[in-house]
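J.: Make a model of this:
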Amino acid sequence: MNKIKKGLGRGLSSLIGETKVENKTNNLSLAEIVPNKYQPRKNFDEENLNDLVNSIKERGVIQPIIVRKSNTNNSKYEIIAGERRWLAAQKAGLHDIPVVVTDADDLKSLEFAIVENVQRHDLNPLEEAQGYKRLIDEFAYDQDKVSKFIGKSRSYISNSLRLLNLPKEVLDFVEQKKITAGHAKILVGLDNAIFLANKFIEKKLSVRQAENLVKIFRKTKRNTSSKVDSNIRDLENSISEKIGLSVSIKNNKNNKGTISFYYKELDQLNKIIDIIKSGY
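T.: Model prediction:
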């Protein structure tokens, strides 16, 4: 067993520098390999995949993929990094592929997958946010730890996760490629997100056109509702960024009102409850 050498994948060396691996590159049958259950990337661009298929037909697989022993099937190996190469090798008609075997645990496997995809810009914003959420939900990361691990600002991570606060219908539209993640970003924090998303689809709006439509709705809403105190708005944004959930504060003239937290799943509700309990 040796330490893996740097250069096996851009952005991976910092993670795998201390990971125990087999001494040399081996070849495994494609049938012995299964996808990474923590793979954050759900969609592989068909055109780019076909380009890789053609390259593999000409030159073979130059860079080995990284795998670990499957913890559910001892006869299989699970991909940690290189699923796109594995898919292309199948399409190219190969029977085996070069691999480097590591003993990474589930956390390290997810970290590998996220770092490889994020630093190669292979994830759309929704997939990226879902990857960060898994680190938080399944491995007790907080947003600060995700920020340091990925090498992006705390506000970047917070804004990324806010995308997941959109209604399920809107997220489904992204998954089904009816709208892009760029369209979805525009809708974060809007009460009428589903209505507007359907308008984007119905009118086949580009992201720029969608932004203009949202501006019209926002302007109309401002003109027909009472002016919101800027201090209240700043407080809403501050709390929302802190906890990663949409927040609405309604304050009447007599300084009585309500504060609302929007959640879309039980885990987020439990998070709100834990935050409140921790204060008393």
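J.: for the stretch 101-250 of the chain, what spans make up the strands?
T.: For the stretch 101-250 of the chain, applying DSSP state E, counting those that start in this stretch gives strands covering 246-251.
J.: where does it dip in pLDDT?
T.: 116-122, 219-229 (pLDDT under 70).
J.: contacting residues for Lys69?
T.: Neighbouring residues of Lys69 by CB atoms under 8 Å, 6 or more residues apart in numbering: 76-78, 101, 103. In this view, the C-beta of every residue, glycine as well, is placed from N, C-alpha and C.
J.: so what's the backbone phi/psi at it?
T.: Dihedral angles of Lys69 (phi, psi; degrees, to the nearest 10) stand at phi -60, psi 130.
J.: measure it to Leu166 for me?
T.: According to CB to CB, to the nearest Å, Lys69 stands 38 Å off from Leu166.
J.: Then Ser70?
T.: From Ser70 over to Leu166 (counting by CB to CB), the distance is 34 Å.
J.: Tell me which of those two has more neighbours.
T.: Leu166 (24 against 16; other CB atoms under 10 Å).
J.: Buried ones only from the contacts of Lys69, please, as a ChimeraX command.
T.: Buried subset of those, written as a ChimeraX selection, criterion 16 or more other CB atoms under 10 Å:
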select :77,78,101
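J.: Among the contacts of Lys69, which one lies nearest to Asn54?
T.: For Asn54, the closest of the contacts of Lys69 turns out to be Tyr77, at 25.9 Å, with distances computed as CB to CB.
J.: what's the closest residue to that closest one other than its chain neighbours in contact with, if anything?
T.: Counting by CB to CB, 6 or more residues apart in numbering, Tyr77 lies nearest to Val67, which is 4.1 Å off, once chain neighbours are set aside. For Val67, the residues meeting the contact criterion (CB under 8 Å, 6+ apart) are 28, 33, 77-80, 99-102.
J.: Counting neighbours, what do you get for the spatially closest residue to Gln143 that is not a sequence neighbour?
T.: The shortest distance from Gln143 to any residue other than its chain neighbours is 5.1 Å, reached at Ile157 (CB to CB, 6+ apart). Counted with other CB under 10 Å, the burial measure for Ile157 works out to 26 neighbours.
J.: which residues does the residue nearest to Tyr77 bridge with?
T.: Going by DSSP bridges, Val67 is paired in beta bridges with Ile79, Val101.
J.: I'd like the distance between it and Leu123.
T.: Relative to Leu123, Val67 is positioned 21 Å away (CB to CB).
J.: what residues go with each domain of the chain?
T.: 2-123, 128-165, 166-224, 230-277 (automatic domain parsing).
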